[in-house]
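J.: Okay, predicted coordinates and the sequence, questions at the end:
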Amino acid sequence: MMKPKTVDKIATAVIIGVAGLIVLVLAGLLGFIMVRGLGHLSFDFLTSPPQSIRAGGGIGPQLFNSLFLLVLTMIITVPLGIGAGIYMSEYAKANKFTDFIRLVVEVLSSFPSIVVGLFGLLMLVNYFGLGFSLMAGALALTIFNLPLMVRITEQGLKSVPREQKEAALALGLTKWKTITSIMLPIALPIIVSGTILAAGRVFGEAAALLFTAGMSSPRLDFTDWNPLSPVSPLNPFRPAETLAVHIWKINSEGLAPDATEIAAGASAVLVITVLLFNLVARWLGRFMYRKFTATK
Amino acid sequence: MAQTTDKKISANNHFAEEWVGRIYTTLCVLVLVTTIVAMVYFVASRGLSTFFKNDVNVLELLTGLKWSPEGQPPAFGALPFIFGSFSTSILAALLAAPLSFCAAVFMIEITPKFGRKYLQPVIELLAGIPSVVYGFIGLSVIVPFFRDVFPGQGVGIAAGALVLSIMILPTMTTVATDALASLPSGLKEGSYALGATRWQTIYRVVLPTTLPSLLTGVVLGLARAFGEALAVQMVIGNAPFIPRSLFESASTLTSAITLSMGNTVSGSAHNNALWSLALILMLMTFVFVFIVRWLEKRSKL
Amino acid sequence: MADKGISVKDLSVYYGDNKAVKNVTIDFNNKDVTALIGPSGCGKSTFLRTLNRMNDLIPNARMTGEIWIGDEDINHPKTDVVLLRRRIGMVWQRPNPFHKSIYENIAFGPRYHGLKNKSQLDDLVEESLRKAALWEETKDRLHTSALKLSGGQQQRLCIARSIAVKPDIILMDEPASALDPVSTSKVEELISELKQDYCIVIVTHNMHQAARISSKTAFFLSGELVEYDNTETMFTNPVKKETSDYISGRFG
């Protein structure tokens, strides 16, 4: 029988050791991506189109597709998600239907993204005839992201002090006016930082896009900004391979001799972007909080 | 009198305004509900058509060992995929669970200041790293390493489980940290006051009271691992057999769908069979959600 | 507005199965201050919140009985709650200014109700702040955040905000309990000023305050209205034993 003190020391050492190991692994992970990838990053790499067989291809169209898809997705997701979040937080009565919606949101948030992709293939690509397109991809990502957006909005609104809401109602404001002009501004820091984190998730998602936005890009003409032209980058009904899908594709079927370097470079771009989203979310959340509460 | 008219006009306006809000938010919720109902319906109807239209026996699909939907005669044994999915995700959860618990204890009990300020943001950041990046790292670090150390090609269940465990570690750690942080401090102080050491307090007080929440984190991680497609597909080898070792090529439900869905014709037996795999994924999602709800109820008591 | 301010008949409020207010019948005079006193948990705040239907927000709250304001039954299904609340100002225990500028805090309500003219709005803001005795302190920083004001100033701002929409009635839920003595006396002065124009119902746990500012006082105990009389009579010569016990500080 060991003394409790000895056991305590051993346990503490083990915990610190494990935590250290985790930190090492995570640091190694980030370091690996950065070291492998940063060397390959250049303006040319970020802007030029990929090569299928020769070396020296870039990720220009993929990067553009990822960003454009992100914007499209958020344009659809944010109003829908905030609307549904407001409903859940302010309008939903405590009854069976509300419980059912809560269950739906929970199920939807844990749906495997590949299944969302399959559904997108069936409904959006085939039934609605969108084909492999940015629009189909954006709608699939909306399905994938909506539950998160709802939860963020709900959290934000629940954080508003009850007295604020009551003060607005007591002035004779309608419920809707109270929500939009008193409660939402207070909830905004939480909603904005949550939305940016959700955007990071959209940026890195691949499985839901394989069968919706497609695995190829047409040759794009970056001088043609007419959204209706098939070679225009802005056309939302063209197929679009995103950065994350590109990484997957060159790893599983890449023929270019420098496929690994390209994958490393593209991974570094993804990770740096996610990092930026995180930092911006934190900073903006804090900044807005200070601005709205006018405290230091 | 003027005031009365003024109030009447404003009454009409505010009724309209109230309805705009009510209708808009209700529509948003209806979109959400319709989407999920449609999704469940279509995945289920497509997945079930394997059994009703293509006359495949449910038992054959669940227990058959041979997957060759295009063969003569076609065979629809999905057990290798089911086995692959369960073994990789359960192994990953088993690997990540103790690690995440240690990380959470480290952050909350041992170095609260440092942990809260630096470690937690980093871990949350890692939760946001795209899964293809994890897959890429698995492919360029873990697989070559396993190839050198163990017999075989390096790909397989071990590589898949390891990649998944790294991937779900941040999620599980975040849940565990929240659970430990929400513990009322009086509980711990009571234990310390009785002269218990830190480890005794953790082991006898902290662990039992937070167990349901910790398990919630484990199940959430398990669910994420089970549904992950690309990171696993990149490192598992994709052979449709039950492997004889952890270092032999295997497949999961998600990897089979990822690889074959694009090459099948909608409505064909092969295509329907892939939808059946998706149906299994969906049903497992329901199971995970059910378990999480049950655990959450327990942790509220 | 009829002479009779508010008339409450046999009002009961339930939270789930718990009866928080029990069969209360009471009238409040217009242009007068009525204080509701009683130990905490006696139902006085709950009662106050039914007067502008703020309890509608609480999911399992339910009420029976009638409340008449003038000739309007406020719980009638056809009653427009939004217009009703516009006629009833409310001030809370903790100051709760909007997270906006001082000017906006006051201008927000009237502008929403249709006053768009900039100079009229400016005048209204000044008038309201003057009534709340806050104009001198804030006239140079109207466009800075209201949250930078001190607690007492914030509370007076909240009063100014509610009178800016020109209500008939003002409900106050322990408006001075979170304030320091100086701010408290300022708020009390303000209430005495306001009673010339409004029907004011104020919940307070401070009996000296009730004695100082109100002309009528109602004593609540465990959800029941025990005694209701002129403040002076109530404090010098209460009828019920519970009232005299409470007033002399034997419990609560």
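T.: That came in fine, so what should we check first?
J.: Look up phi and psi at residue A:110.
T.: phi -110, psi 10 (degrees, to the nearest 10).
J.: ok, it touching residue B:291?
T.: No - using Cβ atoms under 8 Å, residue A:110 is not in contact with residue B:291; the gap is 10.9 Å. Backbone N, C-alpha and C define where each C-beta goes, glycine included.
J.: Just the buried residues of stretch C:33-46, please?
T.: For stretch C:33-46, burial by neighbour count (16 or more other Cβ atoms under 10 Å in any protein chain shown) applies to C:33, C:34, C:35, C:36, C:37, C:38, C:42, C:43, C:44, C:45, C:46.
J.: ok, and which of those reach chain A?
T.: Filtering these for proximity to chain A by Cβ under 8 Å from any Cβ of the partner chain leaves nothing.
J.: Which of those fall within helices?
T.: C:44, C:45, C:46 (DSSP state H).
J.: List just the nearest of those residues to residue C:148.
T.: residue C:45 (28.7 Å; Cβ to Cβ).
J.: Which positions in the host helix or strand of residue C:186 come out as buried?
T.: For residue C:186, the element it lies in under DSSP states H and E is helix C:181-194. By 16+ other Cβ under 10 Å, the buried positions in helix C:181-194 come out as C:183, C:184, C:186, C:187, C:188, C:190, C:191, C:194.
J.: can you check stretch B:60-79 too?
T.: Those would be B:61, B:64, B:67, B:69, B:75, B:76, B:77, B:78, B:79, for stretch B:60-79 by 16+ other Cβ under 10 Å.
J.: same deal with stretch A:213-224?
T.: A:213, A:214, A:215, A:217, A:220.
J.: same check, this time on stretch A:130-143
T.: Per 16+ other Cβ under 10 Å, stretch A:130-143 contains these buried residues: A:130, A:132-143.
J.: I'd like to know which of these are part of helices.
T.: Those of those lying in helices (DSSP H): A:134, A:135, A:136, A:137, A:138, A:139, A:140, A:141, A:142, A:143.
J.: Just the pLDDT for the residue of the stretch 51-200 of chain C found nearest chain B.
T.: Nearest residue of the stretch 51-200 of chain C to chain B: residue C:82, at 5.2 Å (Cβ to the nearest Cβ). Each residue has a pLDDT score; the one for residue C:82 is 88.
J.: how many other residues sit next to it?
T.: Other residues lying near residue C:82 total 21 when counted by other Cβ atoms under 10 Å in any protein chain shown.
J.: who's in contact with the strand or helix carrying it?
T.: If you go by DSSP H and E, residue C:82 is part of helix C:81-86. Contact with helix C:81-86 is made by A:169-174, B:7, B:10-11, B:14, B:18, C:52-54, C:56, C:69, C:72, C:74, C:113, C:165, C:167, as judged by Cβ atoms under 8 Å, 6 or more residues apart in numbering or on different chains.
J.: again with stretch A:213-232
T.: So stretch A:213-232 is contacted by A:49, A:61-62, A:64-65, A:69, A:132-134, A:136-138, A:140, A:233-236, A:238-242, A:245, A:249, B:262 (Cβ under 8 Å, 6+ apart).
J.: Show me how to select, in ChimeraX, the buried members of the residues you listed.
T.: Buried residues among the contacts of stretch A:213-232 (16+ other Cβ under 10 Å), as a ChimeraX selection:
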select /A:61,62,64,65,69,132,133,134,136,137,138,140,233,234,235,236,238,239,240,241,242,245,249
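J.: Of the contacts of stretch A:213-232, which belong to helices?
T.: Judged by DSSP H, the contacts of stretch A:213-232 include A:61, A:62, A:64, A:65, A:69, A:134, A:136, A:137, A:138, A:140, A:245, A:249 as members of helices.
J.: For the second one, which residues are in contact?
T.: Pointing back at residue A:62 there. A:50, A:217, A:241, A:242, A:243, A:245, A:246, A:266.
J.: What is the lowest-pLDDT residue among the residues you listed?
T.: Pick the lowest pLDDT in the contacts of residue A:62 and you get residue A:217, at 77.
J.: and it, that one's in a strand?
T.: No - counting by DSSP: H, G, I helix; E, B strand; the rest coil, residue A:217 is not found in a strand; it is coil.
J.: measure residue C:94 to chain A for me?
T.: 7 Å (Cβ to the nearest Cβ, to the nearest Å).
J.: so what's that residue closest to, chain neighbours aside?
T.: In space, and not counting its chain neighbours, residue C:94 is closest to residue C:178: 5.1 Å by Cβ to Cβ, 6 or more residues apart in numbering or on different chains.
J.: Could you tell me the model confidence score at residue B:58?
T.: Looking at residue B:58, the pLDDT reads 83.
J.: And for residue B:5?
T.: Reported pLDDT for residue B:5: 42.
J.: quick revisit: please identify which of the contacts of residue A:62 is nearest to residue B:29.
T.: The closest of the contacts of residue A:62, once distances to residue B:29 are taken by Cβ to Cβ, is residue A:242, at 29.3 Å.
J.: Was I right to think the closest one contacts residue A:210?
T.: No - in this structure, residue A:242 is not within contact of residue A:210 by Cβ under 8 Å, at 10.0 Å.
J.: in which helix or strand would I find residue 191?
T.: Answering for chain A, as no chain was given. helix A:184-204.
J.: wrong chain, I was asking about chain B
T.: helix B:185-193.
J.: so, in contact with chain A or not, the next helix or strand after that helix?
T.: For helix B:185-193, the succeeding helix or strand toward the C-terminus, using DSSP H and E, is helix B:198-201. Yes - judged by Cβ under 8 Å from any Cβ, helix B:198-201 comes into contact with chain A through B:198, B:199, B:200.
J.: gap between the last one and chain C?
T.: Here residue B:200 is placed at a distance of 41 Å from chain C (Cβ to the nearest Cβ).
J.: same question, residue B:185
T.: Relative to chain C, and taking Cβ to the nearest Cβ, residue B:185 is found at 26 Å.
J.: repeat for residue A:265
T.: 45 Å.
J.: Over to residue A:94?
T.: Residue A:94 is 6 Å from chain C, by Cβ to the nearest Cβ.
J.: what packs against the helix or strand residue B:226 falls within?
T.: Assigned by DSSP H and E, residue B:226 falls within helix B:207-227. Secondary-structure packing of helix B:207-227 (3 or more Cβ pairs under 8 Å, 6 or more residues apart in numbering or on different chains; DSSP states H and E): helix A:113-120, helix B:79-105, helix B:157-181, helix B:269-300.
J.: Leaving out sequence neighbours, find the closest residue to whichever residue of the stretch 1-150 of chain B sits closest to chain A.
T.: Closest approach between the stretch 1-150 of chain B and chain A, counting by Cβ to the nearest Cβ: residue B:130, at 2.6 Å. Counting by Cβ to Cβ, 6+ apart, the nearest residue to residue B:130 once its immediate chain neighbours are dropped is residue A:204, at 2.6 Å.
J.: right, and the one you found touches residue A:275 too?
T.: No - using Cβ under 8 Å, residue A:204 is not in contact with residue A:275; the gap is 11.4 Å.
J.: Comparing the two, which shows the higher neighbour count?
T.: A count of neighbours by other Cβ under 10 Å puts residue A:204 above the other of residue A:204 and residue A:275, at 23 against 15.
J.: For the more buried one, give me its contacts.
T.: When contacts are counted by Cβ under 8 Å, 6+ apart, residue A:204 touches A:244, A:270, A:274, B:128, B:129, B:130, B:131, B:132, B:133.
J.: repeat that with 6 Å
T.: A:244, A:270, B:130 (Cβ atoms under 6 Å, 6 or more residues apart in numbering or on different chains).
J.: Could you report the neighbour count for the second one?
T.: This points to residue A:270. 28.
J.: Repeat that for the first one.
T.: Neighbour count for residue A:244, taken as other Cβ under 10 Å: 27.
J.: Would you mind measuring from whatever residue of the stretch 151-252 of chain C ends up closest to chain A to residue C:106?
T.: Closest residue of the stretch 151-252 of chain C to chain A, Cβ to the nearest Cβ: residue C:165 (5.6 Å). Residue C:165 sits 9 Å away from residue C:106, taking Cβ to Cβ, to the nearest Å as the criterion.
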